[in-house]
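Q: mind looking at a prediction? Sequence and model below.
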Amino acid sequence: MKNNYLEISQVGIEFPTDSEPFRALQNVNLTIGKGQFISLIGHSGCGKSTVLNIVAGLYEATEGGVILEGREVNEPGPDRAVVFQNHALLPWLTVYQNVELAVKCVFKKTKSKAEMRDWIEHNLSLVHMDHALNKLPGELSGGMKQRVGIARCLAMQPKVLLMDEPFGALDALTRAHLQDSLMDIQQQLGNTVIMITHDVDEAVLLSDRIVMMTNGPAASIGEVLSINLPRPRDRVVLADDPDFNNYRQQVLRFLYEKQKNPAAKAA
Amino acid sequence: MSATAIKLKIAQSSDILTAANLRLLLDKIIKMLALPGFGILVFLLLWQLVANNIVTSLGQFPGPTQVWEQSKTLVAEHQRERDKEASFYERQEKRNAKKLAKKPDAVIKIRAYTGKATFVDQIGTSLLTVAFGFFVATLVAVPLGIICGLSESVYRCVNPIIQTFKPVSPLAWLPLVTMVVSALYVTDDPLFEKAFLTSAFTVALCCLWPTVVNTIVGVASIDRDLINVSRVLQLSATVHIRKIVIPSAIPMIFTGLRLSLATGWMVLIAAEMLAQNPGLGKFIWDEFQNGSSNSLGRIMVAVLVIGVIGFILDSLMLAVQKRVSWDKQAILR
């Protein structure tokens, strides 16, 4: 049971177009254990986001399916919280209210008002945003907004946390801070995470396994690389670590030798 | 440092402060008052110049001075009419009191005053009518716009109808609305006058569309991520509309409402003119038919009042929009 907490089996998807349907994914198979941190990496347009959206239930697979804890996924739900690339906070609600909206949906029946308040504040303090409860998203920096977006998802206590290039829009320093925060939190709470990324360092640093995808159309999983680095991981120490660099190299080789960027070929 | 030295220092620094403040104040005065004032002055001069050169069968075209005279007359007329009304009721009361003194169980009638409506009365009537028509239109347009914006299928069903009725002139609707109101609104104790309802519904029919169209666009262009958040949270339809759809669409809804109100105000004057329903439009038409040497001046007063009221109505909507809008940084004008 422990090793097939989330099962993606034989998933394929077609999108209707004006001429013939476009096949984006084919034969995607992946099994994820509880508490694992998985990264999806691949070139732009290879269908990483599509995989994530199918697991989230936002897209419906044409064939195959996703099973989470023994139950088939066929609609979106709060047990599969999504962190969007552009935070997707409601700009008219304060930081507190944004998290509250999610908490109210999940814990309406199980938590009292005071418990909900504590829970919201607790989750915002996990991402170090408890100082800005009454600020509007427009008053925050990009990194802070993304922290709140993560807090909103953590507060839902999802079975799987789905992250769609969560740090892609941030500058390098802010990104490093948030990666460290995310590692701490995941260590503490044991979340199961699927994260999409373009960043090889980020993938190796954070993941238990890196899933490398082939180029589309009809993209599939090319290789899966297990990262056996001890936790907690420290980016400064790992910079000189031969294992770390070896993993890095394997991912780079896959991306730039086995699966050349289709855009680069065209250029 | 001695006490006087300190005093001197404070005085100096406050002098600098006031000097800087003065400059800022002056800048503000120039921007807010002097420039618009200059524009108005130039306009008045040009107006006078042109007016001097136009002679109509009703006499010289009125310049600013004549119009100013007429506006004073109109206010004075209103005052006189009010005084007449007050004395009418006073006389009636005295008569009734006498009657009661003679015979305590006498039946007493109070007759309403039926003087002619003054310019100021007509303004009041027009404002009331446009408010009622706009209110009815908003009640229909915003929910309709939200439904069409949320569902592509409903939009496809409703869109041809919207596009057909949108360009229809109020004057085309007027005969139909008049007949329908006469036929359907039959009560012994009418809460509203028929003429009022006719004008109001004509206004509503014409100022429905800008709000509907803009609300549809506002609702249909909600950020996809926010819709996905709502789906992940499995928000119910009502919470989804309350928490996500309406706040997102508020700027577009208000753009529509402001266009609607402006349209409604324009339509109302035309409708009142054609249908002889009480209001500013009727005032203009009556003056035109009256054909005295003062008529053009009085009409010009009405034109200016209509314009100023339109401007005030739009400013009011803008103020409401600023209050309701979540984005306080947005530049609204």
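A: All right, it came through fine.
Q: so where is chain B shaky, pLDDT-wise?
A: Across chain B, the ranges flagged by pLDDT under 70 are B:1-17, B:328-329, B:331, B:333.
Q: swap the cut-off to 50 and go again
A: Residues of chain B meeting the criterion pLDDT under 50: B:1.
Q: chain A contacts on that one?
A: For chain B, the residues in contact with chain A under the definition Cβ under 8 Å from any Cβ of the partner chain are B:223, B:225-226, B:228-229, B:231-235, B:243-244, B:247, B:326-327, B:329. (Glycine included, C-beta is placed from N, CA and C.)
Q: any buried residues in the helix or strand harbouring A:Asp243, and which?
A: Taking DSSP states H and E as the definition, one finds A:Asp243 inside helix A:242-253. Buried positions in helix A:242-253, judged by neighbour count with 16 or more other Cβ atoms under 10 Å in any protein chain shown: A:244, A:247-248, A:250-251.
Q: please apply the same query to stretch A:135-155.
A: Of the residues in stretch A:135-155, those buried under the neighbour-count criterion (16+ other Cβ under 10 Å) are A:136-137, A:140, A:143-155.
Q: within reach of chain B, which of those are there?
A: Restricting these to those near chain B by Cβ under 8 Å from any Cβ leaves A:Leu136.
Q: now for the buried residues of stretch A:135-155: which two are most distant?
A: The largest separation in those, counting by Cβ to Cβ, is between A:Leu136 and A:Leu154 at 20.7 Å.
Q: from A:His128, how far out is the residue nearest to the spatial centre of chain A?
A: The central residue of chain A, meaning the one whose C-alpha is nearest the mean C-alpha position (Cα atoms, centre = their mean), is A:Met163 at 2.1 Å. Between A:Met163 and A:His128 the distance, using Cβ to Cβ, to the nearest Å, works out to 18 Å.
Q: B:Gly307 too?
A: Distance, B:Gly307 to A:His128, by Cβ to Cβ: 56 Å.
Q: ok, now B:Val320?
A: When distance is defined by Cβ to Cβ, B:Val320 is 38 Å away from A:His128.
Q: that older thread, any idea what the residue nearest to the centre of chain A is bridged to?
A: Beta bridges link A:Met163 to A:Val83, A:Met195, judged by DSSP bridges.
Q: B:Thr198 contacts B:Leu274, doesn't it?
A: No. In this structure, B:Thr198 sits apart from B:Leu274 without contact. The criterion is Cβ atoms under 8 Å, and the distance is 10.5 Å.
Q: need phi/psi at the closest residue to B:Thr65 other than its chain neighbours.
A: Closest residue to B:Thr65 in three dimensions, ignoring its sequence neighbours and counting by Cβ to Cβ, 6 or more residues apart in numbering or on different chains: B:Gln48, at 7.5 Å. Taking degrees, to the nearest 10, you get phi -60, psi -40 for the backbone angles of B:Gln48.
Q: okay, B:Gln48 and B:Val181: tell me how far apart.
A: With the distance defined as Cβ to Cβ, B:Gln48 ends up 44 Å from B:Val181.
Q: higher neighbour count, the two?
A: When B:Gln48 and B:Val181 are compared for neighbours, B:Val181 comes out ahead with 20 against 14, by other Cβ atoms under 10 Å in any protein chain shown.
Q: surely B:Val142 meets B:Ile250?
A: No. Counting by Cβ under 8 Å, B:Ile250 is not a contact partner of B:Val142; they are 10.5 Å apart.
Q: shared neighbours of B:Thr198 and B:Leu274, which are they?
A: When contacts are counted by Cβ atoms under 8 Å, 6 or more residues apart in numbering or on different chains, the set common to B:Thr198 and B:Leu274 consists of B:Leu174.
Q: compare the two (neighbour count), which wins?
A: Taking B:Thr198 and B:Leu274 together and counting by other Cβ under 10 Å, B:Thr198 has the greater number of neighbours (26 against 17).
Q: pretty sure that one sits in a helix.
A: Yes. Assigned with DSSP: H, G, I helix; E, B strand; the rest coil, B:Thr198 falls within a helix.
Q: helix, strand or coil for A:Gly222?
A: At A:Gly222, secondary structure determined by three-state DSSP is strand.
Q: burial count for the closest residue in space to it that isn't next to it in sequence?
A: The spatially closest residue to A:Gly222, leaving aside those adjacent along the chain, is A:Thr214, at 4.4 Å (Cβ to Cβ, 6+ apart). Here the count is done by other Cβ under 10 Å, and A:Thr214 has 18 residues near it.
Q: how near is A:Thr214 to A:Leu225?
A: Distance check for A:Thr214 against A:Leu225: by Cβ to Cβ, it reads 14 Å.
Q: would you tell me what the next helix or strand after the host helix or strand of B:Gln122 is?
A: Using DSSP H and E, B:Gln122 sits in helix B:119-150. Tracing the chain C-terminally past helix B:119-150 and defining elements by DSSP H and E, one meets helix B:152-165 next.
Q: contact partners of the helix or strand harbouring A:Val99?
A: Assigned by DSSP H and E, A:Val99 falls within helix A:95-107. Residues lying outside helix A:95-107 but in contact with it, judged by Cβ under 8 Å, 6+ apart, are A:78, A:81, A:89-90, A:93, A:111, A:115-116, A:119-120, A:123-124, A:129, A:132-137, A:140, A:148, A:151-153, A:155-157, B:233-235, B:243.
Q: make a PyMOL selection of the buried ones in the residues you listed.
A: In PyMOL, the members of the contacts of helix A:95-107 classed as buried (16+ other Cβ under 10 Å) are selected with the following command:
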select buried, (chain A and resi 78+81+89+90+93+116+119+120+123+124+129+132+136+137+140+148+151+152+153+155+156+157) or (chain B and resi 233+235+243)
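Q: what is the neighbour count of the residue of the stretch 101-250 of chain B found nearest chain A?
A: Here the stretch 101-250 of chain B gets closest to chain A at one residue, B:Asp225, 3.7 Å apart by Cβ to the nearest Cβ. One way to gauge burial is a neighbour count; for B:Asp225, by other Cβ under 10 Å, it gives 17.
Q: if I pick it, what's in contact with it?
A: B:Asp225 is in contact with A:84, A:86, A:88, counting by Cβ under 8 Å, 6+ apart.
Q: what's the burial count for the first one?
A: Right, A:Phe84. A:Phe84 has 22 neighbouring residues, counting by other Cβ under 10 Å.
Q: the residue nearest to B:Thr65 against B:Gly63, yeah?
A: Yes. Counting by Cβ under 8 Å, a contact exists between B:Gln48 and B:Gly63, whose distance comes to 4.3 Å.
Q: and the stretch 151-267 of chain A, which of its residues are near chain B?
A: Proximity of the stretch 151-267 of chain A to chain B (Cβ under 8 Å from any Cβ) is limited to residues A:Met156.
Q: would you pull up the residue in the stretch 151-267 of chain A closest to chain B?
A: Proximity to chain B, evaluated over the stretch 151-267 of chain A using Cβ to the nearest Cβ, is greatest for A:Met156 at 7.9 Å.
Q: next, that residue: phi, psi?
A: According to degrees, to the nearest 10, the main-chain angles of A:Met156 amount to phi -80, psi 0.
Q: got a list of what it touches?
A: With contacts defined as Cβ under 8 Å, 6+ apart, the neighbours of A:Met156 are A:78-79, A:81, A:102-103, A:105-106, B:233.
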